[in-house]
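K.L.:
Output the structure for:
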Amino acid sequence: MRNTGYKQKEFTGPTKRYCQTLDLKDDPELIRRYIETHDESHFWPEIGVGIRSVGILEMEIYNVGNRLFMIVETPVDFDWDEAFARLAKMPRQEEWETHVALFQKAASGASSSEKWQLMDRIFHVSRP
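P.N.:
The predicted model follows:
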């Protein structure tokens with residue numbers, strides 16, 4: 001699919017985008033299990049509910065090797081810090097973070113917002 005692209009949802013109003021990165025432990029079996037953890041049959045539904053309930057419109061994770069890249073699409077008035085503070089308290093979120101930490105290169109007990117590093121956009125081109 002990567003060479004044909006990924007269809008994006010269209011929103012009726014303006015949005016903003018956040019991009020983050022995180023490295024997984026460099027172990028092919030752990031990487032496979034992390035990817036499996038995020039497929040439809042293994043992903044915990046409560047986590048998706050929490051993500052949507054704090055105002056996130058769309059979230060995608062991509063990987064190459066042991067590097068992850070996340071895109072988060074939100075309404076323009078979205079407050080990142082407030083939303084992720086609320087998300088950390090959602091049902092099963094702490095349990096989820098403990099589970100996925102098995103695969104991630106991150107400090108023990110780190111929250112999602114501490115593990116995933118926000119990236120700076122250095123280039124942008126758009127249709128006029």
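K.L.:
Double-check that Y18 belongs to a strand.
P.N.:
Yes: with DSSP: H, G, I helix; E, B strand; the rest coil as the criterion, Y18 is part of a strand.
K.L.:
in the chain, which helix or strand is least confident?
P.N.:
helix 112-115 (a mean of 86; mean pLDDT, DSSP states H and E).
K.L.:
what about the protein, any weak spots by pLDDT?
P.N.:
Counting by pLDDT under 70, the ranges of the chain that qualify are 1.
K.L.:
residue boundaries of the helices in it?
P.N.:
When secondary structure is read from DSSP state H, the chain shows helices at 28-37, 45-53, 80-87, 93-100, 112-115.
K.L.:
who touches the shortest one?
P.N.:
Under the criterion Cβ atoms under 8 Å, 6 or more residues apart in numbering, residues 22, 81, 84, 87-88, 93, 97, 101, 104, 106-107 lie in contact with helix 112-115. Every C-beta, even on glycine, is put in place using the N, C-alpha and C of the backbone.
K.L.:
rerun at 7 Å
P.N.:
Defining contact as Cβ atoms under 7 Å, 6 or more residues apart in numbering, one finds that helix 112-115 is touched by 22, 84, 97, 104, 106.
K.L.:
got it, and the longest one?
P.N.:
Residues outside helix 28-37 that contact it (Cβ under 7 Å, 6+ apart): 24, 42, 63, 66, 100, 103.
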